[in-house]
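Novice: below are the sequence and a predicted model; questions follow.
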Amino acid sequence: MLVINRSSDGGSVVFRLSGRIEPEDVEELQRLIGLEQGQVIVLDLKDLTIIDREAVTFLARCQAANIKLEACPAYIREWIDAERGRGGRD
């Protein structure tokens, strides 16, 4: 189960993600990010525990779209880098 907490300091919006990202969570995160047009968006991944390949691909797309990935666990960062190196292909 993923818990999403939103906060804002006026200049940026931070989504703190806790728990595990499931495929349906990716859709919800895309929707929430889409609502924040014109804002600097940060995804705080400190409390993220489990993700799958679809979530890693989503995070790689976020990073490519200048969304900051804050407190990203090393294993997730390495997986994102590997996916980006593969071009996200199977």
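Specialist: In hand now; what should we look at?
Novice: next up, the contacts around the residue nearest to the spatial centre of the chain.
Specialist: With distances taken as Cα atoms, centre = their mean, Leu59 lies nearest the centre of the chain, 4.3 Å away. Neighbour list for Leu59: Leu43, Leu45, Ile51, Leu69, Cys72, Ile76, Ile80 [criterion: Cβ atoms under 8 Å, 6 or more residues apart in numbering]. Just so you know, the C-beta spots here come from the backbone N, C-alpha and C atoms, and that holds for glycine as well.
Novice: tell me how many other residues surround the third one.
Specialist: Spelled out, that is Ile51. Taking other Cβ atoms under 10 Å as the criterion, the count of residues near Ile51 is 24.
Novice: and it, what's its pLDDT?
Specialist: Confidence at Ile51, expressed as pLDDT, is 89.
Novice: isn't it up against Pro73?
Specialist: No - contact criterion Cβ atoms under 8 Å: Ile51 and Pro73 do not qualify, at 9.4 Å.
Novice: what about the residue nearest to the centre of the chain, helix or strand, and which?
Specialist: Taking DSSP states H and E as the criterion, Leu59 maps to helix 53-64.
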